[in-house]
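K.L.:
predicted model and sequence follow; I will ask about them next.
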Amino acid sequence: MSSKDGGGHVGSRRDSALENMSVRNQTSAALLQEINNFDQRPSLKAFLDPDLVLKGHTSCKHEYATNTDRSILPGEFGERPGKDTVWRVAATCLRCRCHVDVILQFDEECQSPCPVDGRPFHHFRYIPGSLVADSEAGEGIYQYRCTSPRCQADLVIQFQQPAILSWAYMHFNGDFAIRKRMADARLIYGDAVPQRSAYDMLRVFRLAITNCLGNEASRDIPLGNATYMSVFGTGQDTRKMLESFGFQFIPDAASSRGQGRWRTPKPEAHPPDAAPNVERAMLEDVRDELNVLMAARPEAEKQKNPEPFVEPRYAQLDIAKMFGIQKGMSSLSLRKLLWSDSNRIMNGLTGDVAI
């Protein structure tokens with residue numbers, strides 16, 4: 001297979017990406033560009049549908065959107081960090097659904113944080129041996145420290161694969177899976193069960209996840225309800241995926257039709273000054289991925305339950321603010337760094353979305 005096919009040099013592209021992320025010294029501006037371009041996965045075959053792989057999509061030019069629920073963001077450009085400042089940008093790619101967390105921390109050793117006159121950028125040194133990676137899963141944690149003796153800010157960049165993997169998506173929202181659940185529901189409720197599209201399934205699932213993340217305790221999902229049975233099934237075809245997200249199936253001993261209920265996860269809130277709650281962070285990632293998947297569905301499916309377009313909060317800009325890179329760049333150079341195609345920001349995202 002030639003390099004034009006996108007399948008001949010996947011390993012070399014990944015090796016190159018790993019080398020770029022672990023370059024010994026990089027400015028914050030260069031490192032931001034690497035975050036945008038970096039795709040550690042050996043192949044997208046586990047994340048994209050086969051049609052996209054055949055088109056040569058073997059890496060992703062990321063368009064990250066900020067998750068404000070667990071991000072700790074600086075204010076306007078120019079805000080100065082203190083000795084105990086911790087900033088975090090958590091983001092989801094609007095194309096491949098991968099996740100990145102960028103954490104910048106200043107401690108007591110920081111006397112004059114970058115950028116300042118004479119030091120317009122952080123110069124980050126990669127810490128050898130700090131990489132914790134699972135190349136098959138497409139995950140990695142990279143650690144850096146600013147080389148300025150008066151700054152010494154610590155930087156951690158963590159990449160994670162999508163929470164909803166391709167196989168799980170097909171079991172939940174593939175054509176065959178939807179037809180089977182609809183047929184199971186109609187055996188119990190008859191023709192009163194309306195036909196539901198893949199978009200409907202995603203919308204109801206997102207509602208369940210959103211309820212789990214709400215301030216009030218979410219209720220169990222009863223499969224004695226025609227809507228929920230057509231979306232979540234009788235606890236078998238969607239079971240592995242839902243259990244991986246913290247749902248628990250409680251069968252109804254009196255039912256011979258596989259009915260019961262899904263007990264929903266009840267994650268704790270994120271601590272205000274500590275690492276995010278792991279269970280809540282995972283559910284937030286699932287919610288954000290469902291938004292991406294819904295946006296990618298055909299317009300004909302969305303017409304029944306249309307939703308207004310909500311402009312994403314683009315994480316590239318939040319990371320730029322966190323790094324303070326605007327002090328050393330013109331506005332035009334900054335725009336070129338953040339977005340290769342500025343029209344995409346004005347007209348909405350374009351291109352294929354991973355399922």
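P.N.:
Sure thing, it's come through. Numbers count the residues shown, from 1 in each chain.

K.L.:
please, which helix or strand holds A281?
P.N.:
Following DSSP states H and E, one finds A281 within helix 278-295.

K.L.:
which helices and strands sit right next to that helix?
P.N.:
strand 86-93, helix 198-213 (3 or more Cβ pairs under 8 Å, 6 or more residues apart in numbering; DSSP states H and E). C-beta here means a position set from N, CA and C on the backbone, and glycine is covered the same way.

K.L.:
okay, these, which one's buried deepest?
P.N.:
strand 86-93 (a mean of 24; mean count of other Cβ atoms under 10 Å).

K.L.:
just checking, Q111 is part of a strand?
P.N.:
No - judged by DSSP: H, G, I helix; E, B strand; the rest coil, Q111 forms no part of a strand; its state is coil.

K.L.:
just give me the neighbour total for it.
P.N.:
11 (other Cβ atoms under 10 Å).

K.L.:
for it, give its distance to L104.
P.N.:
Counting by Cβ to Cβ, to the nearest Å, the gap from Q111 to L104 is 16 Å.

K.L.:
give the contact list for G190.
P.N.:
By Cβ atoms under 8 Å, 6 or more residues apart in numbering, the contact set of G190 is empty.

K.L.:
so it, which state does it fall into?
P.N.:
On the basis of three-state DSSP, G190 is classed as helix.

K.L.:
any buried residues in the helix holding A281, and which?
P.N.:
280-295 (16 or more other Cβ atoms under 10 Å).

K.L.:
and the next helix or strand past it?
P.N.:
According to DSSP H and E, the helix or strand after helix 278-295 is helix 299-302.

K.L.:
packing partners for that next one?
P.N.:
Against helix 299-302 (3+ Cβ pairs under 8 Å, 6+ apart) you get helix 198-213.

K.L.:
show me what the helix it packs on is packed up against.
P.N.:
The contact analysis (3+ Cβ pairs under 8 Å, 6+ apart) places helix 198-213 against helix 166-173, helix 175-189, helix 226-232, helix 278-295, helix 299-302.

K.L.:
redo those as JSON lines? Include distance to V310 and mean pLDDT.
P.N.:
Listed next are the helices and strands packed on helix 198-213 as JSON lines, based on distance: least, Cβ to Cβ, whole Å; pLDDT from 0 to 100:
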{"stretch": "helix 166-173", "distance to V310": "22", "mean pLDDT": "84"}
{"stretch": "helix 175-189", "distance to V310": "26", "mean pLDDT": "86"}
{"stretch": "helix 226-232", "distance to V310": "23", "mean pLDDT": "82"}
{"stretch": "helix 278-295", "distance to V310": "9", "mean pLDDT": "93"}
{"stretch": "helix 299-302", "distance to V310": "14", "mean pLDDT": "88"}
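
K.L.:
please consider this matter closed, and thank you.
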